[in-house]
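Undergrad: Return atomic coordinates for the entry below.
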Amino acid sequence: MSETDAAGTPSDLAAVRRSEELFAPVRADLELCYQTYGDAADPTILLVMGLGGHMTWWPDGLCRRLAAAGYHVVRYDNRDVGRSSRVRERMSKTTVVQAFLGRPVRTPYTMSDLAEDGVLLLDHLGVDAAHVAGVSMGGMIVQTMALEHPDRVRSMTSVMSTTGNRRVGWQHPRLLPTLIAPRRPDLAAYIENTLRMARLIGSPKYAESPEAIRARAEETHSRGVSGAGILRQMGAILTQPDRTKALGALTIPVAVLHGRQDRMVHVSGGRATAAAVPGAQLTVVDGMGHDLPTALLDTYAATILGAARRAEAP
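TA: Numbering: from 1, shown residues only. Next up is the predicted model:
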């Protein structure tokens, strides 16, 4: 699919209106940072990012493609990320390891709480129902939104995510030590760690340049990073329920996109998600890992728009 097919001409993309970063006080103790693209009168697409990911990890070019195709696009920082509120309760690395081993632990919040955050943001924006798309943990969040708040979700796109069933979508065991390793808070250390993770989980066929990865790391660090927040989000991921059976009741259009070379969430997670939902459309991309490389923006746009347009068809 070409850029023209997805969203008109390059000049159309440049003309898309993008808001400044805004703040939604969705609860007395929670403020979410968000940004919008396009016309608020158009149908809304809500973009939900994954573990430790800032809303700016949704590429600007992808957001513009979706908006130029006639949608109001909203991206936001999950709690504990970027400029959204931090949760005060502590989650220790020992507890994370216990959860990784499948032992019962208490976490500061759950996947249901993260899904409710997205719904509260829609409330703040006055949006009755939206098309939702999520990456990795964001895919888990939008699946939970569709199940627990079905009247708020028009279509769902789950990207490089899984059902919560521990027998699928597993993480390569070598990644956990890197994820929970101590990190220095300075910019140089953050850039170094970002480059290391890109080598571990990035798309081998569509690798971004070190310069692009470094630029994103600098922007992310400037917006605020929280190692403690990542641990709390990991707690929600590791204690999520198996949604396989419940997903079978979904009647909305569902698209699933996954990379064949994903080491963070094995491709079996995407396949299981698509298999669980009647009529779901599955796209497996050879050479794609666990990232959103520029070379695949048209593929992401086509997948999200395809699900949205199926929902809006007579």
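
Undergrad: what comes into contact with stretch 212-223?
TA: The list of residues contacting stretch 212-223 from outside it, by CB atoms under 8 Å, 6 or more residues apart in numbering, reads 54, 56-57, 77, 82-83, 187, 190-191, 194-195, 198, 294. C-betas here are computed from N, CA, C, even on glycine.

Undergrad: Same check on stretch 184-197?
TA: Outside of stretch 184-197, the residues within contact range by CB under 8 Å, 6+ apart are 178, 183, 210, 213-214, 216-218, 220-221, 225.

Undergrad: Which members of those residues are classed as buried?
TA: When neighbours are counted using 16 or more other CB atoms under 10 Å, these contain these buried positions: 213-214, 216-217, 220-221, 225.

Undergrad: What is the nearest of these to Asp12?
TA: When those are compared for distance to Asp12 (CB to CB), Arg216 comes out closest, at 24.6 Å.

Undergrad: so where does that closest one fall, helix or strand?
TA: Arg216 belongs to helix 210-223 when assigned by DSSP states H and E.

Undergrad: Could you check the pLDDT of the spatially closest residue to Gly248 that is not a sequence neighbour?
TA: Setting aside the residues directly before and after it, Gly248 is nearest to Ala276 in space (CB to CB, 6 or more residues apart in numbering), at 5.7 Å. As summarised for this prediction, Ala276 has a pLDDT of 98.

Undergrad: Contact partners for Arg263?
TA: Under the criterion of CB under 8 Å, 6+ apart, the contact list for Arg263 reads 171-172, 175, 200-201, 289-290.

Undergrad: Check the gap between it and Met49 for me.
TA: With the distance defined as CB to CB, to the nearest Å, Arg263 ends up 19 Å from Met49.

Undergrad: and if you look at Thr239?
TA: Thr239 sits 20 Å away from Met49, taking CB to CB as the criterion.

Undergrad: more neighbours, the two?
TA: Of the pair Thr239 and Met49, Met49 is the one with more neighbours under other CB atoms under 10 Å, namely 24 against 18.

Undergrad: ranges for the strands of the chain?
TA: For the chain, the strands identified by DSSP state E occupy 22-27, 30-37, 44-48, 72-76, 130-135, 153-159, 254-259, 281-285, in order along the chain.

Undergrad: I'd like to know which of these lies nearest to Leu120.
TA: Distances from Leu120 to each of the strands of the chain were compared by CB to CB, and the smallest falls on strand 22-27, at 3.7 Å.
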